[in-house]
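K.L.:
predicted model and sequence below, questions to follow.
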Amino acid sequence: MNTSVNRPLRGTLIPALLAAAACFCLAQSTGDSTQPNPKTSTDQASQAPVFHAESRLVLVDLVITDHHGDPVTDLKPENVSLLEDGKPQKLVAFEPHLAKTRKPAPPPVKLPPHQFTNFPLTEDQGPVNIILFDLLNTLPLEQAFAKKQMIQFLKDLPSGHRLALFVLGTKLRMIQGFTGDSDTLISAAEALQANRSLLLTSEDDRQTDNFVNSTVYSDARSDPGGASGRIASALSDLVGMQENARADGTLQALTLLAGAVSGYPGRKNVIWLSTNFPFRFGPTDINQKIREQRRYLDPFQGVSALLAAAQIAIYPIDIGGLSTDGAGSVSAPSTGAPSTSIASGQLMARWDSHDAMADIARETGGQAYYGANDFKSMMQRSLQQGENYYTLAYVPANRDWNGKYRKVEVKVTKEGVKLEYRRGYYAFAGSQISKDEIIKLLAYSMQPTIPETTAILMRVQVLPPDHDHKAVSIDYAVAPSDISFSDGPDHLKHAQIDFMASAWDKENKEVARVATPIEFHIRQEVYDQIQATGVPAHQELELKPGTYFLRVGVMDHQTQKIGTVNVPLTVAAVK
């Protein structure tokens, strides 16, 4: 995935922007009367956003270990060469991220009252780590054992590691944000309940279905227009619908996860606990079933590009554990199904799943783990592997952004080492999510159970009603580096941004929403001026007295990036 030149510098921009927070334009507190009109274009200083770079970088995180499995910490730029589609590329950046050189975390930034942000409030303290516990693609029995192993892993969590817990069920939920407190993480993990996925069939049911389907299909071939043929067609449609729904839900979850963590600088390691991985990212390894479902090809590529842009490496772990394929337990005596054919089908399905895991890890720079029951050790190795890495950056010599897959190869002069990095990317000129889908995603991102999104960083001030104001006042200051402007023939800078705020009650019911699309058309001097103040906007939301959860969001139409901020809000009765 190509990414703008300012992306690798974002980690250094965050502290600077926070330090300049006092300069951010918050109209309610400063009395600024030049807020943008959501219905008209404007040329006022307070309405202009931000920084845009045309150069495109490709970022590749490299994990290198010796023959003992220990990290190599003395790699130099002269030891590394990188090729794209077999052609050498010039490195423009080489950044080591090593545990031994990291400084202690600075104290958290304290914001003034009524102000909130989705800025990561610490400097780069190494890669952030995520456990994605997949209930959508995992059966309850397997969930229970994996949960115990995960809790044991959290009890022995090394100090200095930031970790967040996400759960994928009918939707993606963050049950614990990034923290290094083992007790807090354990408490969140223990609250997890086993969940039966309505889109996943148990192994026993699958054995029965396989035998019944084979019988029905045999009859259907001799009488395709009869009852057997219609039943076989219905069964096939049902299986396909379930697989499609699981793939859709998983792709949407990865899209949201990429948006949630993209604001954090550096590498993100996602430990994905599941037993079914319903797709692959590689361009040539997509299985035949997916090839027949052409509608999935573009979503796979789009999500792969989002993960690459967010520097996410996936470590899939098969929590199905050791296989018992071929044992007597695989027979289905109630149906008379031959145990040998069922065992063969199970073995092929497991091989396909492991191939999919290896492909996901290879295309994101992680590593797949399967064939063992010690999930705790697998999670520990995933955590250790991603702790030390090098970020390589280059501007591709091939400037044709045609969306095709490009193979990346990294070589080092050291011998006896193992390299882990993503093996390619799709050369898209921009986002591969449609306008309609991104608008739906913005609305979906406003729900209280969805994690905060950091693709656009911002700071907001939210003031409850008082004697002079009957509505809740919301003022935005959006980080300039996250909004893209285009140059027009009128010598103005142009951008279109959607601002949205949704209020939710204690039952997670939406009680109010305000959406404000704003077009910015500004002069160069205004564009330069707002670099220290952020991109401002103002909204008002009328609410009855009560306690609410407010989700505030921003979307850039050109890049289709989204940022959201959580705001606890109490509205008191004003006498």
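P.N.:
Right, received. Where do you want to start? Predicted model, so just to flag it, every value in this text is computed and none were measured. Numbers count the residues shown, from 1 in each chain.

K.L.:
part of a helix, is residue 468?
P.N.:
No. The assignment for residue 468, made by DSSP: H, G, I helix; E, B strand; the rest coil, is coil rather than a helix.

K.L.:
just the pLDDT at it, thanks.
P.N.:
With respect to pLDDT, residue 468 scores 87.

K.L.:
how many other residues sit next to it?
P.N.:
Other residues lying near residue 468 total 6 when counted by other CB atoms under 10 Å. Bear in mind the C-beta positions are built from the backbone N, C-alpha and C, glycine included.

K.L.:
can you give the domain ranges for the chain?
P.N.:
If you go by automatic domain parsing, the domain ranges for the chain are 36-54+448-571, 128-385.

K.L.:
which helix or strand in this protein has the lowest average pLDDT?
P.N.:
helix 27-30 (a mean of 33; mean pLDDT, DSSP states H and E).

K.L.:
weakest of the domains of the chain in terms of mean pLDDT?
P.N.:
Confidence, taken as mean pLDDT, is least for domain 128-385 of those (a mean of 74).

K.L.:
residue 300 reaches residue 281, doesn't it?
P.N.:
Yes. Between residue 300 and residue 281 there is a contact at 6.0 Å, judged by CB atoms under 8 Å.

K.L.:
of these two, who's got more company?
P.N.:
Between residue 300 and residue 281, counted using other CB under 10 Å, the more crowded position is residue 281 (27 against 21).

K.L.:
what are the phi and psi angles of the more buried one?
P.N.:
Recorded main-chain torsions at residue 281 are phi -100, psi -30, according to degrees, to the nearest 10.

K.L.:
quick check: it touching residue 363?
P.N.:
Yes. Here residue 281 reaches residue 363: they are 4.0 Å apart, a contact under CB under 8 Å.

K.L.:
shared neighbours, those two?
P.N.:
When contacts are counted by CB atoms under 8 Å, 6 or more residues apart in numbering, residue 281 and residue 363 have residue 304 as shared neighbours.

K.L.:
and residue 569, which of the three is it?
P.N.:
Secondary structure, three-state DSSP: residue 569 is strand.

K.L.:
so it makes contact with residue 549?
P.N.:
Yes. With contacts defined as CB under 8 Å, residue 569 counts as touching residue 549 at a distance of 7.3 Å.

K.L.:
okay, and the common contacts of those two?
P.N.:
Counting by CB under 8 Å, 6+ apart, the common neighbours of residue 569 and residue 549 are residue 503.

K.L.:
secondary structure element for the residue nearest the centre of the chain, which one?
P.N.:
Closest residue to the average C-alpha location of the chain: residue 258 at 1.8 Å, with CA atoms, centre = their mean. Under the criterion of DSSP states H and E, residue 258 resides in helix 227-261.

K.L.:
can you give me the offset of stretch 162-181 from its chain's centre?
P.N.:
For stretch 162-181, the distance from its own C-alpha centre to the chain's C-alpha centre is 12 Å (CA atoms, centre = their mean, to the nearest Å).

K.L.:
what's the closest of the domains of the chain to residue 71?
P.N.:
Between residue 71 and these, the tightest spacing by CB to CB is seen for domain 128-385, at 8.2 Å.

K.L.:
buried residues, the strand or helix carrying residue 419. List them.
P.N.:
Using DSSP H and E, residue 419 sits in strand 418-420. Residues of strand 418-420 classed as buried under the neighbour-count rule (16 or more other CB atoms under 10 Å) are 419-420.

K.L.:
from now on call the first residue 629
P.N.:
Shifting the count to begin at 629 puts that one at strand 1046-1048.

K.L.:
tell me the mean pLDDT over that strand?
P.N.:
94.

K.L.:
what lies in contact with that strand?
P.N.:
Residues contacting strand 1046-1048 (CB under 8 Å, 6+ apart): 690-695, 941, 993-995, 1013, 1038, 1040.

K.L.:
residue 1083 against residue 890, yeah?
P.N.:
Yes. Taking contact to mean CB under 8 Å, the distance of 4.6 Å between residue 1083 and residue 890 places them in contact.

K.L.:
distance between the ends of stretch 1010-1025?
P.N.:
As for stretch 1010-1025, its first-to-last residue distance stands at 33 Å under the measure CA to CA, to the nearest Å.

K.L.:
quick one: it to chain centroid distance?
P.N.:
Here stretch 1010-1025 is found 18 Å from its chain centre; the criterion is CA atoms, centre = their mean.

K.L.:
name the residues of it that are buried.
P.N.:
1010-1024.

K.L.:
one more: stretch 1120-1138?
P.N.:
Judged by neighbour count using 16+ other CB under 10 Å, the buried positions of stretch 1120-1138 are 1120-1123, 1125-1133.

K.L.:
now these as CSV including distance to residue 1187?
P.N.:
What follows is the buried residues of stretch 1120-1138, written out as CSV (distance: CB to CB, whole Å):
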residue, distance to residue 1187
1120, 19
1121, 15
1122, 13
1123, 10
1125, 10
1126, 12
1127, 16
1128, 17
1129, 21
1130, 22
1131, 27
1132, 27
1133, 33
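
K.L.:
three-state assignment of residue 991?
P.N.:
Following three-state DSSP, residue 991 is assigned to helix.

K.L.:
residues near it, how many?
P.N.:
A count of neighbours around residue 991, defined by other CB under 10 Å, yields 24.

K.L.:
that one reaches residue 1036, doesn't it?
P.N.:
No. Counting by CB under 8 Å, residue 991 sits too far from residue 1036 to count as a contact (10.2 Å).

K.L.:
listing partners with orientation, what would you give for the strand or helix carrying residue 710?
P.N.:
Taking DSSP H and E as the criterion, the element that holds residue 710 is strand 708-712. The sheet places strand 708-712 alongside strand 715-717 (antiparallel), strand 1033-1040 (antiparallel), with pairing taken from DSSP bridges.

K.L.:
per-residue confidence for the nearest residue to residue 723 once chain neighbours are set aside?
P.N.:
Once its chain neighbours are removed from consideration, residue 723 has its nearest residue in residue 1019; the separation is 4.4 Å (CB to CB, 6 or more residues apart in numbering). Each residue has a pLDDT score; the one for residue 1019 is 93.

K.L.:
residue 1019 touches residue 691, doesn't it?
P.N.:
No. Using CB under 8 Å, residue 1019 is not in contact with residue 691; the gap is 10.9 Å.

K.L.:
cheers, nothing more for now.
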